[in-house]
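A.B. asks: Let me see the structure of the following:
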Amino acid sequence: MAPDDEDAGKDFPVVCEDCLGPNPYVRMMKIPRGSECAISGRPFDVYRWRPGSDARYKKTVVCKEIALAKNVCQVCLLDLDYGIPVAARDAALGRAGGNALPSSSVNRDFAVNAIAKKLDEGEDAYEHGEKERNNELLMRLARKKPYYNKNKSPICTFWLRNACTRNDCPYRPCNGDTNMPELSAAPELRKQNIKDRYFGTNDPVADQMLKRAKEKMENRKLTPPEDTSITTLFIGNVDPERVNEDDIRGRFYRYGDIKSIRVIGNKKCAFITFTSRAGAEKAAEDAAFNLEINGVQCRLQWGKVMEKKSTGDKGPTPSPAPTVMMMAPGVAPPADGTNPADLPSHMAIPMPAPSAVGAKVAYPSQDPTAMGAISKEVKE
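C.D. replies: Next comes the predicted model:
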């Protein structure tokens, strides 16, 4: 296919990133009307390429109209947006699986022609809804990074029987790649039908994914605290530049009346308080698994009761520091029990005692050896 062909973008196959491989420059071979679609039975243009030096050759198995009707890849039949089987996607969205095309050949051709007409008019054959972006289970099942291991060469069947005699066998593990997780997989996962995978029925891989995701969701449920007076939830990882109080209120208003919302920008967290405990429990149960606000992935926890400082346990009041009488030179000390206030100013200089031995005095006038510490009358 020439790069300057006007119909290059229109004729390009619907293929996911995993099947294309890590190399951005892919060389494909186009075979016009090279095979029949595995779903509709109509002839279509087959594309064949090799996604990597250590990968096997891949080719399209269904026509473009059939792939766009389910929003799946023409090669692996996985969802183009989330990289998961159709059965797992439809189960997360609550859609009923089954045949999307009529059984008879005449009605099936009519349905495929209707899909092709939509595509020619610029319409989408598969309807995306708001429910997909807010579905927590679907976000959990979605594949976040490309997975190129599925492009590796298949396992050598002669090696499995210990009978491979080829010196340059291109299959695993004869080619040196000993990483073969397929051997440890359950036997039922190795048997999949193309039609069952496309229509989302009897797919063992999707059933295993759903089972594993539901178990993780049950383990991550927040346990409500025993104190029923707690109606506050803690929201962590809050970006103050992208998430504000109105965004949090718009995400949690559906669970009940909100008493207050407090966003702490420097700590990147927020606190939301409901008027009732039932609203807080419903929000914790529904949003604890996958909380996303304005594209920011946040985490949710129950708030804690702030321990109030009790005023009755302050302890004994410290006694005032004793007063030490510094006697002037040549003056006899007074008798025991004499009040320093009754003594004349030339006989004693009242000073507060240091709090510790060797403590530094605060003012020079408190030092008896400093100038001005002894009264002028004593000097004279």
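
A.B. asks: okay, CA-based contacts and neighbour counts for the rest of this
C.D. replies: OK.

A.B. asks: my guess is Leu77 is in a helix, correct?
C.D. replies: No - counting by DSSP: H, G, I helix; E, B strand; the rest coil, one finds Leu77 to be coil, located in no helix.

A.B. asks: quick one, helices of the stretch 51-200 of the chain?
C.D. replies: Along the stretch 51-200 of the chain, the segments classed as helices by DSSP state H, counting those that start in this stretch run 64-70, 86-93, 105-120, 130-133, 136-141, 157-160, 194-199.

A.B. asks: In which helix or strand does Phe234 reside?
C.D. replies: For Phe234, the element it lies in under DSSP states H and E is strand 232-236.

A.B. asks: quick one: the following helix or strand past that strand to strand 232-236, angle?
C.D. replies: Scanning forward in sequence from strand 232-236 by DSSP H and E, the next helix or strand is helix 245-252. Between the axes of helix 245-252 and strand 232-236, defined by axes from the mean of the first three to the mean of the last three C-alpha atoms, to 10 degrees, the angle is 110 degrees.

A.B. asks: Summarise which helices and strands helix 245-252 is packed against.
C.D. replies: strand 258-264, strand 291-293 (3 or more C-alpha pairs under 8 Å, 6 or more residues apart in numbering; DSSP states H and E).

A.B. asks: so after the shortest one, what's the next helix or strand?
C.D. replies: In other words, strand 291-293. Using DSSP H and E, the helix or strand that follows strand 291-293 towards the C-terminus is strand 296-302.

A.B. asks: Could I get the buried residue list for that following strand?
C.D. replies: Cys298, Arg299, Leu300, Gln301, Trp302 (16 or more other C-alpha atoms under 10 Å).

A.B. asks: Can you lay out the residues you listed as TSV showing distance to Ala69?
C.D. replies: Shown next, in TSV, are these (distance: C-alpha to C-alpha, whole Å):
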residue	distance to Ala69
Cys298	34
Arg299	36
Leu300	37
Gln301	41
Trp302	43
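
A.B. asks: Widest-spaced pair of these?
C.D. replies: Greatest spacing in these, by C-alpha to C-alpha: Cys298 and Trp302 (13.6 Å).

A.B. asks: Need the phi and psi values for Pro34.
C.D. replies: Not quite, residue 34 is Gly, not Pro. Note on Gly34: its backbone torsions stand at phi -80, psi -20 [degrees, to the nearest 10].

A.B. asks: so what's it up against?
C.D. replies: Going by C-alpha atoms under 8 Å, 6 or more residues apart in numbering, Gly34 touches Pro43, Phe44, Asp45, Val46.

A.B. asks: From those, keep the buried residues only.
C.D. replies: By neighbour count, with 16+ other C-alpha under 10 Å, the contacts of Gly34 hold Phe44, Asp45, Val46 as buried.

A.B. asks: As CSV, those with distance to Lys259, pLDDT and secondary structure would be great.
C.D. replies: Formatted as CSV, the buried ones among the contacts of Gly34 follow (distance: C-alpha to C-alpha, whole Å; pLDDT from 0 to 100; DSSP: H, G, I helix; E, B strand; the rest coil):
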residue, distance to Lys259, pLDDT, secondary structure
Phe44, 61, 91, strand
Asp45, 61, 92, strand
Val46, 61, 94, strand
